[in-house]
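*Asks:* Next comes the sequence, and after it the predicted model I'd like to discuss.
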Amino acid sequence: MARGQLILHPKAEEEVVDELAEQFAGLGLRFEEDLVLDQDEFWLWPDNEEVFWFWAGLQTQWLVGMAGRTGLNYASVESDLRMLAPKKKHRDYYLLIKNMEQAALEEWASKR
């Protein structure tokens, strides 16, 4: 996602495409269903779908400094976990979110 390379399976349900387009629009991006990338593809394992959508919902919570994004606002992450995630998954989600945050920061840093 940080690379701008997210490819949905052609048979993705229309509601998934609509939800993704809405989230992209929230970031000021335009989503084109027929976009084909010649670079590496991003495939999402079904076991990770739930936490991925949670992660996608946190994209408005980045803290920004002079060099760009510096990390997520953890107070917002905690609040979202409490309001939206099943309580038994809070710890797992938190650790996965931290991993995704680090990967995104590393990718963005490599593009500077």
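*Replies:* Noted; the coordinates are in hand. Computed from a predicted structure; not experimentally measured.
*Asks:* where are the low-confidence patches of the protein?
*Replies:* The model of the chain has pLDDT under 70 over residues 1-18, 20, 31-42.
*Asks:* the strands in it, which residues?
*Replies:* For the chain, applying DSSP state E gives strands covering 62-65, 68-72.
*Asks:* Determine which stretch of those is the most buried.
*Replies:* When these are scored by mean count of other Cβ atoms under 10 Å, the highest mean neighbour count falls to strand 68-72 (a mean of 15). Any C-beta I mention is one placed from the backbone N, CA and C, and that applies to glycine too.
*Asks:* What is it packed up against?
*Replies:* strand 62-65, helix 90-110 (3 or more Cβ pairs under 8 Å, 6 or more residues apart in numbering; DSSP states H and E).
*Asks:* what about the last one, distance to the chain center?
*Replies:* In other words, helix 90-110. Taking Cα atoms, centre = their mean, to the nearest Å, one finds helix 90-110 lying 10 Å from the centre of the chain it belongs to.
*Asks:* Just put the strands of the chain in a markdown table and tack on distance to W45.
*Replies:* Output for the strands of the chain, formatted as a markdown table (distance: least, Cβ to Cβ, whole Å):
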| stretch | distance to W45 |
| --- | --- |
| strand 62-65 | 25 |
| strand 68-72 | 22 |
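*Asks:* Quick check: which of the ones you listed is nearest to A21?
*Replies:* Nearest to A21 among the strands of the chain is strand 62-65; the distance by Cβ to Cβ comes to 20.3 Å.
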